[in-house]
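Engineer: whatever this is, show me its structure:
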Amino acid sequence: MVAAMVVCQPGAWFREAVEALANQTYPELQSLFFIVDGATSGLVDVAVDVAVDVGADAPVDPVAVISSLIPQAVIRRVSGNPGYGAVINEVSRLVEGDGGFFCLLHDDVALEPRAIEQMVEEVFRSNAGVVGPKLVDWDNPTILQSVGIHVDRIGEIEPTIGLNEKDQEQHDSVRDVFALSSACLLIRSDLFRELGGFDRHIEFFGEDIDLCWRVHLSGARVLIVPAAKARHRNRMDTRTDVQSAELEQARNRVRSVVTLSGRWQLPLVVLQMLLISVGQVVVGLFGGGLKSAVASLRATCGVVFDIPYILRRRAEIRPLRRVAASEIHALQVAGSARLTSFFRRRSRRIQQAAFAQRDTKEAIRHQRTVSIVSIVVVCFVLVGSRGFVTDGLQHVGEFLPLREGSESARNLATSYFSGWTNGGFGVSGSNPTGMMLTAVSVTAFFGQLGALQTLSVVGFVLVGIAGMWRVPAGFFSIRARVVGMVMYAANPLPYLALNKGRFSVLVVYAMVPWVLRMLVRAESDVRGAKKTQMLAASVLLAAVVSAFVPSFLSLLVWLVLLWVAGGAIAKVARDSLRGPVQLLGVMLVGALVLNAPWSSEFINARWLDQIVGLPADSLPRVGLAQLAQFDGGYLRIGIVALGLYVPVFVSVIVTRSATFVWATRSLLFVVATGLLLVLVDADVISIPTPDLGMMLVVVACGVSLGAASLAGFVFDDELSVSYRWWKPIVGVSVVASLVGMVPALSMGVSGSWGQSKTTVAQLYVQMQQDPPEGDYNVLYIGNRLSLPLPSEQLADDVFFVVADDGELTFSDRWSNASPLHDSVRDAMLAVINRQTVRSGRLLAPLAVRYVVVPIIDGAESTVSRPLVPPSDLLRALATQLDFRRVYQASDLVIYENAAWLPSLAVVDAQTAELSKQAGDEVLLSSPLGAASPIARSQGIGSDVFQVEPSTVHFAVPFSERLKLEVNGEAVGSRVAFGGTTAFDVEIAGSARVVFDTPITRYIFVLIQMALWLIVITAMFDLGRFTRRVSGLGER
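Structural biologist: Predicted coordinates for the structure are as follows:
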């Protein structure tokens, strides 16, 4: 029998541990001590005495203590700190023979005199491989610490004893357990050598579960022997330099599970770990424990980096597997130990809060209130969205469908790398970064496009609500924070966005609270690695959101301006206000750099429209009352939503100190943003502004934080007890807020937030996709709010957008301006100004076959609240000789252009000759004709077709990169009709149109991907990532 103890920075208590070992009644007990001194790595004999500094404890000389109490003990000194497992494994090398036992100990364990004797007796009695004692608290031996470890299939520990549970012999029966604490366990020496000891790659945390799991695999038993008793200090957190114990523990757990689980159970176990980790992150946002949840999720995702290690480790363990995996699983806890631990932690926090407040009932009530309210809020959103799950999203507004033909991950990635944007007429240049982000999202959802779209739009609402919960963390109590969260969830703005298909508003609603949280952190002067992580996260957030909503960048400027101004008014220290300004600069620059080279497309005459928003004269006039209702007058009872504003104004009156700062900023969010919108709406000032709904998100944040500030005063401010005058106005605020929630609550009744079942998109299908007469384009023109895609302004109240034939999909929302759009603008201005009746010929080389005027789209314009078409537009279109009205109803008017030319076609000789000229006079002089249409393939190219010497016309902006390959030889392109593309073919043969992607495009994309990877890595601590990769290389 050899008792081996690892000694690391011992304190005065160390003498008790050695005395306990010296007093053991087991005969012929030999003692071996490993003294870790924290120098360079290695294992050497002791030649000199070692004094270890123990910090708060009195320094002790471990060699002197051991020599005085156990003179015959063998002492070895270990330089560095390779971890408990790696050090204790040396006992199998230093001790010869396989017929004995090893009692492996921490240096803070004091055994009772008969503990080793009792454990050895139980080994022979039960034929066990590993046994361990009952561990109790060092200072209070009546408190249980460990009576064995039980785990579930993903390695999570199932608590077997309660917090501060008394030892009343309730756990004193010998029984099988899954694992024992490494603080003290007794193992057969032959078994320890066969297993290879502890996993040498685990320095701290989890080595005991890994070893005992392998003991089970070998067919041996693991028993707890409660008759053997030991006191344990268990102060590991104060004696190691591990930077993140939670992350290290999660990583070791995941690696053990993946290496030790059976091959057939492994996929399900990994999936279970991933799903539970994601679920815990979601729960952690509301219920606490977010740090440990993120650590678990990171560890699970880190399996990808550990694949080489996992494969080697599984190969090492394979000869030890003598027991089926199903038998091992039978020893594990059914269900989820993490769920049980969650409820135990919640109970523990309630108890701790009760001790701190000296009022148990009140603390429990507060915690339960938060949990119940959070569950109610989530259920409200999910129940109100139930129709989206059963019937799917209606294709209204920006809710364009995702289709396999155009939005598959492969097609999106191919288009992104090609350097050709397909939206509108198409154009050579940089593709939007959002296209690649969508491809990544589609891949993450395994190609389930419908699930991706439904979960994303509903998830945006929940993400925004969770963000509002996090904004004032550290400043307000949980009750005040939950009030702010409820007010944000009760605002009708996101549900109207779901109703009208405002994808951009939903994205902004989800992300603005998280931006506010970053501003809070920036103001708190975060330094070092945490600051790097915060900046990286902020850049990533700004880059992702601006990839889909470019005007989000201008909203950021406005948000930070109000934040700093509110802080200055409330007399926040000037140094504290520098952080948010610096954060804004980093976010703007970082977002533009990560979205480059696409962001360079904003440098044009329309940069204000793209980065800031639409001109003031193009915005709808809704009036002050409808602006304040958040709904633009959509809801009949929307006027009662004004009650949500009352707490904001009351909070400024009653709050003080730090709470007054929050109240001031909240008021500024509401008043300044509202004043700007009113001035623009009344045409007092004429400046571009972001979309009305996006600006109202700032107001919604102000309303929510104002209510949280007022709640913070009522619940947390000591003066609220002595001041009585505020109670009547606070009561009015509560009543007004409850009334203001009615519009949002009423919208959830329908199950789809009142979304129309009939939309104008259902009528677009009558325009054929890829018809035999050739591909074509569609010109949508009319009121901006009724158009299905982001549009360009034609006149004061007339907007237009161009799309190709077939169903409109999510990819169609990305289109860059091209010279052909200017040609459309000129042609339609000539129609509106009654300058021509042959506009069809002007649109013919642009392949515009249909001109569509949406009137009622089922979102912004409804049967009960229709948007009147721009004045004289329909009458002007009716005067055109080339336009034939093929459909007219109260919701839609469609004209067909009889003079249209297929998008890709072989043209007749007359048209070929005319294509060499430019100007409206040329097009108006005679009609254009196509000899035969050519089918286009997905993207910019075409299918293979047979061609004779002729001219092939392509209705896309001219680019030298466009080629026509005839029999493998490239035919160069030329400008046709002053803007489109033509190929003059001189030989017959098989031909196809191709786009020659420049090599610089691939270089730019690779650089962009590298920048994204750097930012993502920095968000998770670049130094830690580097150390981990280097550690894998060493192994």
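
Engineer: quick check: Val678 vs Val323, distance?
Structural biologist: 74 Å (Cβ to Cβ, to the nearest Å). The way it works is simple: take the backbone N, C-alpha and C, and place the C-beta from them, glycine included.

Engineer: beta partners of Asp176?
Structural biologist: In this structure, Asp176 bridges to Leu223 when assessed by DSSP bridges.

Engineer: show me what contacts it?
Structural biologist: The contact partners of Asp176, taken as Cβ atoms under 8 Å, 6 or more residues apart in numbering, are 221-223, 331.

Engineer: and with 10 Å instead?
Structural biologist: Neighbour list for Asp176: 126, 128, 148, 216, 221-224, 331 [criterion: Cβ atoms under 10 Å, 6 or more residues apart in numbering].

Engineer: from those, which single one is nearest Glu19?
Structural biologist: Glu19 lies nearest to Ile224 out of these, by Cβ to Cβ, at 24.7 Å.

Engineer: excluding its backbone neighbours, what's nearest the closest one?
Structural biologist: The spatially closest residue to Ile224, leaving aside those adjacent along the chain, is Gly148, at 4.0 Å (Cβ to Cβ, 6 or more residues apart in numbering).

Engineer: hang on, the earlier thing: buried among the contacts of Asp176? Need that as a selection in ChimeraX.
Structural biologist: The ChimeraX selection below is limited to those of the contacts of Asp176 classed as buried (16 or more other Cβ atoms under 10 Å):
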select :128,148,216,222,223,224,331
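
Engineer: can you put the contacts of Asp176 in TSV and add distance to Leu924 and pLDDT?
Structural biologist: Below are these laid out as TSV (distance: Cβ to Cβ, whole Å; pLDDT from 0 to 100):
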residue	distance to Leu924	pLDDT
Ser126	102	88
Ala128	99	91
Gly148	92	88
His216	87	91
Arg221	95	91
Val222	92	92
Leu223	97	93
Ile224	96	93
Leu331	86	79
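
Engineer: columns distance to Gly384 on top of the contacts of Asp176, output as JSON lines?
Structural biologist: Listed next are those as JSON lines, based on distance: Cβ to Cβ, whole Å:
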{"residue": "Ser126", "distance to Gly384": "59"}
{"residue": "Ala128", "distance to Gly384": "57"}
{"residue": "Gly148", "distance to Gly384": "47"}
{"residue": "His216", "distance to Gly384": "49"}
{"residue": "Arg221", "distance to Gly384": "54"}
{"residue": "Val222", "distance to Gly384": "51"}
{"residue": "Leu223", "distance to Gly384": "54"}
{"residue": "Ile224", "distance to Gly384": "51"}
{"residue": "Leu331", "distance to Gly384": "45"}
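
Engineer: wait, the residue nearest to Ile224 sits on Ala179?
Structural biologist: Yes: if you go by Cβ atoms under 10 Å, Gly148 and Ala179 touch, sitting 7.3 Å apart.

Engineer: who touches both of these two?
Structural biologist: Joint contacts of Gly148 and Ala179 (Cβ under 10 Å, 6+ apart) are 132, 212, 222, 224.

Engineer: was I right to think the last one contacts Gln118?
Structural biologist: No: counting by Cβ under 10 Å, Gln118 is not a contact partner of Ile224; they are 11.8 Å apart.

Engineer: quick check: neighbours shared by these two?
Structural biologist: Contact criterion Cβ under 10 Å, 6+ apart; residues bridging Ile224 and Gln118 by contacting each: 131, 133.

Engineer: show me what contacts Val742?
Structural biologist: Counting by Cβ under 10 Å, 6+ apart, Val742 makes contact with 490, 492, 635, 637-638, 640-641, 643.

Engineer: closest to Gly85 among those?
Structural biologist: Closest approach to Gly85 among these (Cβ to Cβ): Ala490, at 53.2 Å.

Engineer: need the contact list for the closest one.
Structural biologist: 377, 380, 465, 641, 644, 700, 703-704, 707, 737-738, 740-745.

Engineer: contacts only, for Ser926.
Structural biologist: The contact partners of Ser926, by Cβ under 10 Å, 6+ apart, come to 841, 910-911, 914.

Engineer: name the nearest of those relative to Met1.
Structural biologist: Thr911 (101.0 Å).

Engineer: on the three-state scheme, that closest one is what?
Structural biologist: helix (DSSP: H, G, I helix; E, B strand; the rest coil).

Engineer: burial count for it?
Structural biologist: Neighbour count of Thr911, defined by other Cβ atoms under 10 Å: 24.

Engineer: go on, the one 5 residues further on?
Structural biologist: Residues within reach of Lys916, counting by other Cβ under 10 Å, total 14.

Engineer: cool, and Ser950?
Structural biologist: Ser950: 18 neighbours (other Cβ under 10 Å).

Engineer: immediately after the helix or strand of the chain with the lowest mean pLDDT, which helix or strand?
Structural biologist: Lowest mean confidence among the helices and strands of the chain (mean pLDDT, DSSP states H and E): strand 42-45, at a mean of 39. Next helix or strand after strand 42-45 toward the C-terminus (DSSP states H and E): helix 62-69.

Engineer: buried sites along that following helix?
Structural biologist: By 16+ other Cβ under 10 Å, the buried positions in helix 62-69 come out as 62-63, 65-67, 69.

Engineer: where in the stretch 51-200 of the chain is pLDDT low?
Structural biologist: For the stretch 51-200 of the chain, residues meeting the criterion pLDDT under 70 lie at 51-59.

Engineer: sorry, that was for the stretch 901-1035 of the chain
Structural biologist: In the stretch 901-1035 of the chain, residues with pLDDT under 70: 1021-1035.

Engineer: let's see that with 50 instead.
Structural biologist: Applying pLDDT under 50 to the stretch 901-1035 of the chain picks out residues 1025, 1028-1029, 1032-1035.

Engineer: can you check the chain too?
Structural biologist: In the chain, residues with pLDDT under 50: 39-57, 242-243, 350-360, 720, 1025, 1028-1029, 1032-1035.

Engineer: how close does the closest residue to Leu679 other than its chain neighbours get to Leu676?
Structural biologist: Spatial nearest neighbour of Leu679, chain neighbours left out: Ile685 (4.8 Å); criterion: Cβ to Cβ, 6+ apart. Applying Cβ to Cβ, the value for Ile685 to Leu676 is 8 Å.

Engineer: neighbour count: the two, which is higher?
Structural biologist: Leu676 (16 against 10).

Engineer: secondary structure element holding the more buried one?
Structural biologist: Going by DSSP H and E, Leu676 is part of helix 657-681.

Engineer: show me what that helix is packed up against.
Structural biologist: Using 3 or more Cβ pairs under 10 Å, 6 or more residues apart in numbering; DSSP states H and E as the contact test, the elements touching helix 657-681 are helix 478-489, helix 503-523, helix 552-569, helix 624-628, helix 646-654, helix 692-716.

Engineer: got CSV for those helices, with distance to Glu327 too?
Structural biologist: Output for the helices and strands packed on helix 657-681, formatted as CSV (distance: least, Cβ to Cβ, whole Å):
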stretch, distance to Glu327
helix 478-489, 45
helix 503-523, 47
helix 552-569, 55
helix 624-628, 67
helix 646-654, 60
helix 692-716, 54
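
Engineer: so which of those comes closest to Gly447?
Structural biologist: Closest of the helices and strands packed on helix 657-681 to Gly447 is helix 503-523, at 20.6 Å (criterion: Cβ to Cβ).

Engineer: relative to helix 552-569, how tilted is that closest one?
Structural biologist: Inter-element angle recorded for helix 503-523 and helix 552-569: 40 degrees (by axes from the mean of the first three to the mean of the last three Cα atoms, to 10 degrees).

Engineer: name the helices or strands packed onto helix 503-523?
Structural biologist: helix 449-470, helix 478-489, helix 493-500, helix 528-548, helix 552-569, helix 574-594, helix 657-681, helix 692-716.

Engineer: relative orientation of the second one and helix 692-716 in degrees?
Structural biologist: This points to helix 478-489. Counting by the same axes, to 10 degrees, helix 478-489 lies at 160 degrees to helix 692-716.
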